[in-house]
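Asker: sharing a model prediction with you, sequence too.
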Amino acid sequence: MSLDKPFGPPTSSVAEKFATTREMDLSDAPSVIQYLASVIMAAMATAIAAGFDRYQAIPNLSLIYVLPVIVSSVAFGLGPALFSAFLGALVYNFFFTEPRFSLAVADTANIWAIALLFIVGCVTSTIVAAKRHDKGELDRFHRQQEKLGTYAQQMLDATTAEEARALTLSTLMSLFQAPAVVLSVGHGDDLAIKSETTLVPAEVDAAREACASQTCVEAGVYPFDQSRFDFWPVRTRSERKTILGVAFDPDRRPAHTDAAMSMIALMLGATIDRHQI
């Protein structure tokens with residue numbers, strides 16, 4: 001059994017394409033950085049509030065701490081935003097309610113002010129984070145459509161089935177920002193794998209099952225518990241069958257992957273049939 005037999009001429013810098021096309025934003029930053037930025041924004045809000053409080057008593061001073069919540073929601077998401085809301089309420093209580101420099105609250109009215117600050121922060125962060133998520137999903141959908149359009153044109157221009165498989169591999173990696181694999185199964189034990197990632201035996205078995213059953217085999221499902229990849233069969237009239245695999249991050253799995261994978265499998269299958277039948 002050959003696990004590394006190439007499908008054709010080496011594709012140019014597939015790994016580089018995967019690295020350069022990875023879409024990064026502030027929400028992709030490490031969690032430590034996100035929460036540290038929330039702490040820094042809370043400190044800046046405290047400095048501003050202290051400047052106002054030094055010269056004039058402002059009844060709604062606590063609203064300054066809503067700003068870090070909004071910024072955290074837009075930049076990082078719901079978790080850091082809720083942390084900013086909690087931190088803002090805590091800092092406001094410590095520095096600006098009597099007795100100062102203590103978490104104790106002498107005036108009942110201040111208890112309500114602190115509670116209201118936290119509630120406003122939570123509601124604001126939830127709304128902004130939801131809007132941010134919706135916009136992110138829409139942007140990803142538009143990028144996905146553009147990449148699928150480019151892929152369709154590449155399939156029309158492909159001159160061999162091997163080239164089509166190689167183009168599909170790079171498209172999967174770019175489209176889903178995850179490791180991908182394209183397998184080709186022939187008679188008997190003849191298996192060729194095109195991938196930047198080494199497959200474990202359970203993943204090879206899962207791919208074979210997807211080929212045999214002509215259905216999708218999901219990652220981590222018995223009896224292929226150790227498999228990281230979801231596998232989709234490509235329907236062709238060729239004697240040599242093709243299977244597509246993507247190892248999604250369980251915490252960042254994109255929605256509606258089956259529709260995109262079905263389109264890719266359909267275009268790849270038609271291209272293979274065009275060149276091999």
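Answerer: Now that the structure is in, tell me what you want to look at.
Asker: need the helices for the stretch 51-200 of the chain, in chain order.
Answerer: Ranges of helices in the stretch 51-200 of the chain, per DSSP state H, counting those that start in this stretch, are 66-75, 78-96, 108-157, 161-176.
Asker: output the ones you listed in TSV, with mean neighbour count and distance to residue 257 appended to each entry.
Answerer: For glycine as for every other residue, the C-beta is placed from the backbone atoms N, C-alpha and C. Below are the helices of the stretch 51-200 of the chain laid out as TSV (neighbours: other Cβ atoms under 10 Å; distance: least, Cβ to Cβ, whole Å):
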stretch	mean neighbour count	distance to residue 257
helix 66-75	22	27
helix 78-96	22	23
helix 108-157	15	10
helix 161-176	23	7
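Asker: wait, which of the ones you listed is closest to residue 46?
Answerer: Proximity to residue 46 (Cβ to Cβ) singles out helix 78-96 among the helices of the stretch 51-200 of the chain, at 5.5 Å.
Asker: where does the stretch 51-200 of the chain have low pLDDT?
Answerer: Filtered on pLDDT under 70, the stretch 51-200 of the chain yields the residue ranges 57, 59, 188-189.
Asker: contact partners of stretch 37-44?
Answerer: 65, 67-68, 71-72, 75-76, 80-81, 83-84, 87-88, 91 (Cβ atoms under 8 Å, 6 or more residues apart in numbering).
Asker: make it 10 Å
Answerer: With contact meaning Cβ atoms under 10 Å, 6 or more residues apart in numbering, stretch 37-44 is reached by 26, 29, 64-65, 67-72, 75-76, 79-88, 90-92.
Asker: now stretch 50-64
Answerer: Contacts of stretch 50-64 (Cβ under 10 Å, 6+ apart): 44-49, 88-89, 91-93, 95-97, 110, 113-114, 116-118, 120-121.
Asker: switch to 6 Å and redo it
Answerer: Residues from elsewhere that reach stretch 50-64 (Cβ atoms under 6 Å, 6 or more residues apart in numbering): 45, 48-49, 92, 96, 113, 117.
Asker: fine by me, we can end here.
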